[in-house]
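>>> Structure here, sequence nowhere to be found:
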Ligand code: DPP
Ligand code: ZN
């Protein structure tokens, strides 16, 4: 496999101005005719026309209507004698959609046709310059059997449709916006649509459609509402309107990603689209809202302005994740609900991106090289990329950021650009800002991998009434990056008195006094002196998680307790509680002694749970212990069993010590009346579910049968999936006797709903280990008639659940978990390399495992590496793991 390097970028030798595609759709053999208008790029020296093509059967190749000689070399079609003047190229080829299990290119699912072209799927449909800087205007004609495929969709606007003969019909679409090939899409099948006409602020009318299979229509209301809310929000916040008459969203159950932002024709994994109260949880409702928004927002950040090359992926993904996170916060409403959104995003970053950034696959937000771009749709590009965009906003302010966005579109609408172009636009719109003064240093966030360590130490001088805060940063080495330069780290902070009152902030030499400030650390070490500090302060640092770093603030338990009780910043209030828990878990893991929670910690947690003003959603996240992956990040040598044992002990002890409070919390957070997924009710359901799981867990230890019985009753009677799944999970995770009956009943109830059966598999894949039973169950479930590796959602629900989210069941002393992983990676690789590549990532951090896990994990990685015909996807991941 070859390594592609960012520094080797060259503009294309040819431009494709327009493309006219005709599809004769047939599952076994689809005929594709492509007519393109091509122009030489005068900026590039004379050379052959090289088109990408994969697994295609070429039938015809004409230039200006005449046959021309060509060569096929690997996955390229090469025409050596292409004219210097503009010319017409006509190509004809076939492809085999029903044999396409990779779900990249054109494929069939449930008897319909779908496409997925990002990143390089278009070349699996026809020969093309399949790179994002080649933008063409598409006209697409679809021809197919009328009875089997009554709906024929492609990007843009419908020009014409009608019958071809007695059995076949056609539809012709035109997209007026030039676009890269990765945004092409077609759908053909027996689908139905929910429709809504809307008028934008600008007074334009649009038709919104959500297409799904018959029977799923009633599950599209939430997606439609989310789409309308996204439109309204983007116009209000960034003045970005919808630019097409028609905007379509289509659901498909076989899909590699969450969703895809094809111009005017978004294609969604049904898991990110369909919801009803009876079948989807609050988490699903939230996820759908944010993914519908994400894909819609791509229409500007990604489609109108796209990426010059795939190294710039975060240009569109980091920015669009930032936009969907801002949208979700604005939708949440209250300050507390906003904070809960922020906390959830940071938890996700810490669970997935931090480990990535310290493992074999660590890469900068703008990677320097790849061999398979599909491997770089990562937490770093997406979630760290979003944090980088958030830092721009922190440095230039909200209004300044909006000005920067306007300038970005003014300069680059219709272009394929780079992360540098974005940075420059934000900086140029904000001359003299904290960003513009240090733009080059700030851009190290794009070029340096790794999570910077930020150390903060404060010294109070009572006589001088000064407080000196010393900040030190260090970014450990990453693969290929031995030494790193200091990064620009915005540190939002406030000071509290030891009684919890806000202390005003005034930097030495400044006349400005405020309650909160953003310090900008740019050197390896810097000190900041605050004057007029009346008493020894407790610093509240990195408020709202103002930079994606690992903070060591050296605060004592007493100081953390002040923050937990009094900080005005809800994020840091939560963080203080997490730190108290983390310190205790780490102490137990490091000393190898069983965890024993102390009275002060339990009392603090009780105070949160009983607090009269904090809302349920906040209590639930505050009472949830830090994730095992994030705990592992704090340790140089990782013993997953020791971490799990400590977390489990903390859970059991919190369950017992707060039993009466859990009962109160459960009773107090019951919701009467119908289901709505709003933040207040979903917060109450989340807390009630947590309380129930604690009560069932405690009952398992004490032998009490009342709470398992109540959980089973609630499971049976629940009026919505959030409560039903919560009760089921309480029983299953505690290994309660009633769990078996409940699982069987759940399966019987939902056997016809694939997305719910995914939950049934996932719950079992994630069941905390007890005597090897959870692992054994997963092995057994592989044989279940409902299980298949071919459907990515199903494969993820069982296999990824075990390997990625169930460390204690996966990391076994007998190495059976690793053997299982190797088997599944190889089996998946033969079907779907993209999904296999994702599963291969599980071993990114084999190197930091404690023995005996480390040696056993290495053997499993080597076993996969020994397979000669691995996909480039898996080969790259495995090669990096062994580097
Ligand atoms: N579909 C993926 C996303 O929206 C890739 N663009 O992030
Ligand atoms: Zn995206």
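Cool, the structure landed. What you see is a predicted model; the values in this text were computed from it and never measured. Ligands and ions are numbered 1, 2, ... in the order given.
>>> Tell me the pLDDT of the residue nearest to residue 486 when sequence neighbours are not counted.
Leaving aside its chain neighbours, residue 486 sits nearest to residue 524 (4.8 Å; criterion: Cβ to Cβ, 6 or more residues apart in numbering). All C-beta atoms are positioned from the backbone trio N, CA, C, and that covers glycine. At residue 524, the model reports a pLDDT of 98.
>>> same deal with residue 466?
Confidence score, pLDDT, at residue 466: 98.
>>> Please list the residues of this structure that sit near ligand 1.
Proximity of the chain to ligand 1 (Cβ under 6 Å from any ligand atom) is limited to residues 118, 257, 259-261, 294-295, 298, 317.
>>> Could you rerun that using 5 Å?
Residues of the chain that fall close to ligand 1, judged by Cβ under 5 Å from any ligand atom: 257, 260.
>>> wait, isn't the residue nearest to residue 486 in contact with residue 473?
Yes. Residue 524 lies in contact with residue 473 (Cβ atoms under 8 Å); the separation is 6.0 Å.
>>> joint contacts of these two?
Common contact partners of residue 524 and residue 473 (Cβ atoms under 8 Å, 6 or more residues apart in numbering): residue 486.
>>> contacting residues around the residue nearest to residue 486?
By Cβ under 8 Å, 6+ apart, the contact set of residue 524 is 472-474, 486.
>>> burial count for residue 99?
For residue 99, the number of neighbouring residues by other Cβ atoms under 10 Å comes to 13.
>>> should've said residue 215
Neighbour count of residue 215, defined by other Cβ under 10 Å: 10.
>>> got it, and residue 283?
Around residue 283 there are 15 residues (other Cβ under 10 Å).
>>> What does the pLDDT read for residue 45?
The model's pLDDT for residue 45 equals 76.
>>> Checking my notes, it in a strand, right?
No. Counting by DSSP: H, G, I helix; E, B strand; the rest coil, one finds residue 45 to be coil, located in no strand.
>>> which one is it nearest to, not counting chain neighbours?
Distances taken as Cβ to Cβ, 6+ apart put residue 13 closest to residue 45, at 7.9 Å, once the chain neighbours are dropped.
>>> show me the contacts for residue 493.
Going by Cβ under 8 Å, 6+ apart, residue 493 touches 469, 505, 516-519, 539-543.
>>> Residue 835 now?
By Cβ under 8 Å, 6+ apart, residue 835 lies in contact with 256, 792, 795-796, 828.
>>> Secondary structure element holding whichever residue of the stretch 701-850 of the chain sits closest to ligand 2?
Of all residues in the stretch 701-850 of the chain, residue 834 sits closest to ligand 2, at 15.3 Å by Cβ to the ion. Using DSSP states H and E, residue 834 sits in helix 833-840.
>>> and stretch 852-863, how far out from the chain's middle?
How far stretch 852-863 lies from its chain's middle: 28 Å, per Cα atoms, centre = their mean, to the nearest Å.
>>> Could you chop the chain up by domain?
Listed by automatic domain parsing, the domain ranges of the chain are 1-189, 191-299, 307-447, 453-549, 555-615+622-642, 616-621+643-882.
>>> So which elements touch the longest helix seen in the chain?
Criterion DSSP state H: the longest helix present in the chain is helix 385-412. Applying 3 or more Cβ pairs under 8 Å, 6 or more residues apart in numbering; DSSP states H and E, one finds that helix 385-412 contacts helix 221-238, helix 313-332, helix 419-428, helix 444-447, strand 489-496, strand 517-521.
>>> As JSON lines, those with mean pLDDT and distance to residue 112 would be great.
Below are the helices and strands packed on helix 385-412 laid out as JSON lines (pLDDT from 0 to 100; distance: least, Cβ to Cβ, whole Å):
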{"stretch": "helix 221-238", "mean pLDDT": "98", "distance to residue 112": "18"}
{"stretch": "helix 313-332", "mean pLDDT": "99", "distance to residue 112": "27"}
{"stretch": "helix 419-428", "mean pLDDT": "99", "distance to residue 112": "37"}
{"stretch": "helix 444-447", "mean pLDDT": "98", "distance to residue 112": "40"}
{"stretch": "strand 489-496", "mean pLDDT": "98", "distance to residue 112": "48"}
{"stretch": "strand 517-521", "mean pLDDT": "98", "distance to residue 112": "51"}
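>>> any idea how far the closest residue to ligand 1 within the stretch 401-550 of the chain lies from residue 853?
When distances are taken as Cβ to the nearest ligand atom, the stretch 401-550 of the chain reaches nearest to ligand 1 at residue 416, 14.8 Å away. Separation of residue 416 from residue 853 (Cβ to Cβ, to the nearest Å) stands at 45 Å.
>>> same thing with residue 30?
In this view, residue 30 and residue 853 are 47 Å apart by Cβ to Cβ.
>>> Who are the packing partners of the helix or strand hosting residue 106?
Here residue 106 sits within strand 105-109, counting by DSSP H and E. On a contact count with 3+ Cβ pairs under 8 Å, 6+ apart, strand 105-109 meets strand 112-116.
>>> The strand it packs on - which strands sit beside it in the sheet, and in what orientation?
strand 105-109 (antiparallel), strand 186-189 (antiparallel) (DSSP bridges).
>>> Identify the residues contacting that strand?
If you take Cβ under 8 Å, 6+ apart as the criterion, strand 112-116 is touched by 25, 27, 30, 97, 103-108, 121, 125, 144, 149, 184-191, 250, 252, 254-257, 260, 262, 267.
>>> filter those to the buried ones?
Neighbour-count burial (16 or more other Cβ atoms under 10 Å) applied to the contacts of strand 112-116 gives 25, 27, 30, 97, 103-108, 121, 125, 144, 149, 184-189, 191, 250, 252, 254-257, 260, 262, 267.
>>> Any idea how many residues pack against the residue in the stretch 51-200 of the chain that ligand 1 sits nearest to?
In the stretch 51-200 of the chain, no residue comes nearer to ligand 1 than residue 118, which is 5.1 Å away by Cβ to the nearest ligand atom. The local packing of residue 118 (other Cβ under 10 Å) involves 25 other residues.
>>> Phi and psi next, for the nearest residue to it once chain neighbours are set aside.
Leaving aside its sequence neighbours, residue 118 sits nearest to residue 182 (Cβ to Cβ, 6+ apart; 4.1 Å). Main-chain dihedrals, residue 182, degrees, to the nearest 10: phi -70, psi -10.
>>> which ones among the buried ones among the contacts of strand 112-116 are found in strands?
30, 105-108, 144, 186-189, 191, 250, 252, 260, 267 (DSSP state E).
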